[in-house]
Every structure is written in structure tokens, then in C-alpha cells.
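K.L.:
Quick check, what structure comes out for this input:
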Amino acid sequence: MIGDRIIVYLFPAYLLAIEIFFRSALTLDTEAFAGPVLASIGLNFLISSTIPQKCIIKKDKTILLNKERYLIQCCWIAILVLIPIWIWSLILTTYTTQKLLFLHVGWYIGTIHCILGIISCEIKAHLQNS
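P.N.:
The predicted model follows:
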């Protein structure tokens, strides 16, 4: 159930809130850094989805289930696409203050990374339970 994993999914948000609090207390820029942080969190969720869970071992060979193999391949493709986007968000937060709808562009990039990572974890959990 997702209720069991909600603490894991929200843990990065707790860390982000703590970091925002301390950066605010120290009068450091709190908005620019958060996008790349969220993006790296999403990438970590994706990486965790690449570890095979269900497999059949026959005659010293490991056979992955087709759905899980497909998910792992999709996660690797997503990681290869999202890493350059994460790097771009680092560059954006370093050299620009560009905003879209009152938030720094990096926030949107990071949020998309996180959502994709959580979706991959949920699909992985669904595959384990089926």
C-alpha cells in the first residue's frame, strides 16, 4: 500500500524544509537551490527502481519478469534523459533568476523529477505485489 511508503516519499520534503529553514535563518538564497535538490531526489527514486526484485532462477540463470524488465529499461532511459535536465537546472539556478508563475524554473524541473521517481517506485511496488 502507498500508506506504508508515504514516509519514504515525504522524507526528502522534510529534509528540504529543514534546509530552507536554516538557509532562511542564515539569510541565504532559499529558492534557487531547491530545484536541483528535488531533481536529485527524483533521480534517486528512479535509481532505486532499477534494482530487480522478482526473478526466477533456473540452472544458474536469473530470469526477470517481462514487466519488471520493461520498467527497469524505462527507468534507465529516463535517468539518461533526466540527468542532462538536472545539470541544466543547476546551470539555471547558478546563472539566472528566471521565474515562471512566481517560482524559480528549477522548482518545476525538480518537481517533475520527483513525480517521475515516485511513479516508478509505485509501479515497482505494484509489480512486487502482483
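K.L.:
where does residue 49 fall, phi/psi-wise?
P.N.:
Dihedral pair for residue 49: phi -80, psi -10, per degrees, to the nearest 10.
K.L.:
Touching, it and residue 124? I think so.
P.N.:
Yes. Residue 49 is within contact range of residue 124, at 4.7 Å (criterion: Cβ atoms under 8 Å). For the C-beta atoms, the positions are set from N, CA and C on the backbone; glycine is no exception.
K.L.:
Neighbour count for these two, which is higher?
P.N.:
The neighbour comparison of residue 49 against residue 124 (other Cβ atoms under 10 Å) goes to residue 49, with 27 against 22.
K.L.:
hey, where'd the helices end up in the chain?
P.N.:
2-25, 34-48, 66-95, 105-129 (DSSP state H).
K.L.:
Now those helices in JSON lines, please, with extra columns for mean pLDDT.
P.N.:
Shown next, in JSON lines, are these (pLDDT from 0 to 100):
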{"stretch": "helix 2-25", "mean pLDDT": "69"}
{"stretch": "helix 34-48", "mean pLDDT": "83"}
{"stretch": "helix 66-95", "mean pLDDT": "83"}
{"stretch": "helix 105-129", "mean pLDDT": "83"}
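K.L.:
hang on, the earlier thing: joint contacts of residue 49 and residue 124?
P.N.:
Counting by Cβ atoms under 8 Å, 6 or more residues apart in numbering, the contacts common to residue 49 and residue 124 are residue 71.
K.L.:
picking that back up, just name the most buried of the helices of the chain.
P.N.:
helix 34-48 (a mean of 21; mean count of other Cβ atoms under 10 Å).
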